[in-house]
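*Asks:* how would this look folded up:
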Amino acid sequence: MPLIHEEKLRVNWIDTDASGRIHYTAALRYFEIAEHGLMRRIFGGVIQPGSSDFGLPRVHVEADYKLALRYPDEFTCSARVAHVGKSSASYAFEIHNLAGELCIAGKIVAVATDALGRKTPLPAPLRAALERALTSD
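*Replies:* The predicted structure is shown next:
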């Protein structure tokens, strides 16, 4: 069973567009909040800022919108490690309203890069931690 981190959040006024629903980009911020919480759990509560010799930029982002969220709805956003490759990691996200209905499902893929921005293998400690999160209880 993978390690799943869940954040309870609320739609803020600034997250909405003229229709009163969340702007589509708000989901990406919610994903990032949940991903950061997941990383804190995986790495024992301390995340070091990026160094100049290693990066983990996002190379693919997707979101499927199933049900609308509106101001001031409360919801949960969960994050889990979905896949660990040689140089990449994929994260899966789900946003559910308080009734438990799936509102948004998403995925983000990040690729390890060196100081010049070239793809490089994930550092062994990072890979090991991510792989443990794939099968953690």
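
*Asks:* what is the least confident helix or strand in the chain by mean pLDDT packed up against?
*Replies:* For the chain, using mean pLDDT, DSSP states H and E, the weakest element among its helices and strands is strand 54-55, scoring a mean of 86. Using 3 or more Cβ pairs under 8 Å, 6 or more residues apart in numbering; DSSP states H and E as the contact test, the elements touching strand 54-55 are strand 113-114. For every residue, glycine as well, the C-beta is placed using N, CA and C.

*Asks:* which element follows the strand it packs on toward the C-terminus?
*Replies:* helix 124-135 (DSSP states H and E).

*Asks:* which parts of that following helix are buried?
*Replies:* If you call a residue buried by 16 or more other Cβ atoms under 10 Å, then helix 124-135 has these buried ones: Leu126, Arg127, Ala129, Leu130, Ala133.

*Asks:* in space, what's closest to the residue nearest the centre of the chain - neighbours in sequence excluded?
*Replies:* Centroid check for the chain by Cα atoms, centre = their mean gives Glu35 as the closest residue, at 3.5 Å. Closest residue to Glu35 apart from its sequence neighbours, by Cβ to Cβ, 6 or more residues apart in numbering: Ala79 at 4.9 Å.

*Asks:* His5 is in contact with the one you found, correct?
*Replies:* Yes - checked against Cβ atoms under 8 Å, the pair Ala79 and His5 is within contact range at 5.1 Å.

*Asks:* hey, what's in contact with both of those two?
*Replies:* Shared contacts of Ala79 and His5 (Cβ atoms under 8 Å, 6 or more residues apart in numbering): Ala34, Gly37, Leu38.

*Asks:* run the chain-centre distance for stretch 124-133.
*Replies:* Mean C-alpha position of stretch 124-133 versus that of the full chain (Cα atoms, centre = their mean, to the nearest Å) differs by 16 Å.

*Asks:* same check, this time on stretch 18-28
*Replies:* Worked out by Cα atoms, centre = their mean, stretch 18-28 lies 17 Å from the chain centre.

*Asks:* give me the buried positions along it.
*Replies:* Arg21, Ile22, Ala26, Ala27, Leu28.
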